[in-house]
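Asker: quick one, fold the following:
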Amino acid sequence: MENTEQKVITDKQKKAVLVIKQLLNEMHKDIQELIDFESLKESSEKIEAKAIRISKIAIALQKSLDLKNGGTVATNLDHLYKHIRFAVARVMDHNDYSYLTSAEKVTAEINKGWDKISSAA
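Answerer: Next up is the predicted model:
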């Protein structure tokens, strides 16, 4: 007979998944808005506030990673979050929007994965 184990996740874990999903959605939306800021010629204060918000979300997501037990997935996510932080730092420090497109694509892909995870939770 085949032994099928079913993992049960706790309510606390479900809430954590939903919080991460919400953070990812907000970060993706903010990156899209920051991309739009370039063509809208938004004020430097507004650009900086949006970039700082994105960086803070990315840092929170990095801190949520279990790098010791998370394997390559956690390591890869850590690198992707660092890339996002780099992209928004380039906007703040050098008015360079060139990395934001890749950061937006990264968040879109991560969101797709979390949509699947959260629907299974």
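Asker: in the protein, what spans have low per-residue confidence?
Answerer: Within the chain, the ranges that satisfy pLDDT under 70 run 1-8, 121.
Asker: that one: helices as residue ranges?
Answerer: Using DSSP state H, the helices found in the chain span residues 11-40, 44-64, 71-94, 100-120.
Asker: make TSV out of those and add mean neighbour count.
Answerer: The way it works is simple: take the backbone N, C-alpha and C, and place the C-beta from them, glycine included. Shown next, in TSV, are these (neighbours: other Cβ atoms under 10 Å):
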stretch	mean neighbour count
helix 11-40	15
helix 44-64	16
helix 71-94	16
helix 100-120	15
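Asker: which residue lies nearest the spatial centre of this protein?
Answerer: Centroid check for the chain by Cα atoms, centre = their mean gives residue 24 as the closest residue, at 4.3 Å.
Asker: look up how far residue 81 lies from it.
Answerer: Counting by Cβ to Cβ, to the nearest Å, the separation of residue 24 from residue 81 is 10 Å.
Asker: overlap in contacts of these two?
Answerer: residue 61 (Cβ atoms under 8 Å, 6 or more residues apart in numbering).
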